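[1] Okay, here's the prediction I keep looking at, along with the sequence it came from:
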Amino acid sequence: MIQVRKSEDRGHANHGWLDSYHSFSFADYHDPAHVQFSVLRVINEDRVAPGAGFPTHGHRDMEIVSYVLEGALEHKDSLGTGSVIRPGDVQRMSAGTGMRHSEYNASKSELVHFLQIWILPDHAGHAPGYEQKHFAPGELDGQLRVVASPDGRNGSVTIHQDALLYTAKLDDTMNVSHALAGGRRAYVHVARGGVALNGTPLAAGDGARIENETQLRLDQGREAEVLVFDLP
């Protein structure tokens, strides 16, 4: 079963410096039908104005993955980490017992467009941690590349949960498939462009909940960049 949620049905908040779309309930946006899916708690599509950003704030007991589509996001945290995240980079922050961080648009002229993803950990109380990996454009073209996993497989960032995040870039000559093991669920988010999921068309910002399916096929890509979550 595939349940599609269109981009325009997401929650939306525009704070001037921040334009944000929420696939799941977040902050002042609450939808009882879309609080989370399996252990996937948040997908926020954020656009941050030049020179603006999120001041220092705290998190705990959450696996937070940032995926930059455009621009450069400057990160600082209470572990002493300072970094800039750009397209091709995947950042994982395990908030664990408590962690504070800030995120700013590192440019004075260009916006930052990125996805902020929250995944519930397998249990509370992990030690806080930070990790960042870069994936070259060719690693995503025409294939599902694992970028986050519980064991760091194939150079992915490591999360404290039995969940995997894959990404792919597809045009109309490419197709990819992903097998789901028994009892597993999946969530597909189209970051940009368009694609067909098992024949169902999806556009940028659309999401799809997948249950009781054994195989996912993505094709008919239109300059697509797609995230696929394999979930317990």
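    That came through, no problem.
[2] Longest strand in the protein, please.
    The longest strand of the chain (DSSP state E) is strand 215-231.
[3] Mind listing the strands that one pairs with, and their directions?
    According to DSSP bridges, strand 215-231 forms sheet pairs with strand 164-170 (antiparallel), strand 176-179 (antiparallel), strand 185-197 (antiparallel).
[4] neighbouring contacts of the helix or strand bottoming out on mean pLDDT in the chain?
    Between all helices and strands in the chain, the lowest mean by mean pLDDT, DSSP states H and E belongs to strand 53-59, at a mean of 84. Strand 53-59 is touched from outside by 17, 48, 73-74, 76, 93, 95, 98-105, with contacts defined as C-beta atoms under 8 Å, 6 or more residues apart in numbering. Where C-beta positions appear, they are placed from N, C-alpha and C, glycine not excepted.
[5] taking the residues you listed one by one, which sit in strands?
    Checking those against DSSP E, those in strands are 48, 73-74, 76, 93, 99-105.
[6] what's the closest of these to residue 143?
    Nearest to residue 143 among the ones in strands among the contacts of strand 53-59: residue 73, at 25.4 Å, using C-beta to C-beta.
[7] Just the pLDDT at the closest residue to that closest one other than its chain neighbours, thanks.
    Nearest residue to residue 73, sequence neighbours excluded (C-beta to C-beta, 6 or more residues apart in numbering): residue 85, at 4.5 Å. At residue 85, the pLDDT value in this model is 94.
[8] what's the answer for residue 163, then?
    Taking residue 163 on its own, its pLDDT is 98.
[9] quick one on the thing from earlier: any of the contacts of strand 53-59 buried? List them.
    48, 73-74, 93, 95, 99, 101, 103-105 (16 or more other C-beta atoms under 10 Å).
[10] Give me the lowest-pLDDT entry from these.
    residue 101 (82).
[11] Does that one touch residue 74 like I think?
    No: using C-beta atoms under 8 Å, residue 101 is not in contact with residue 74; the gap is 10.7 Å.
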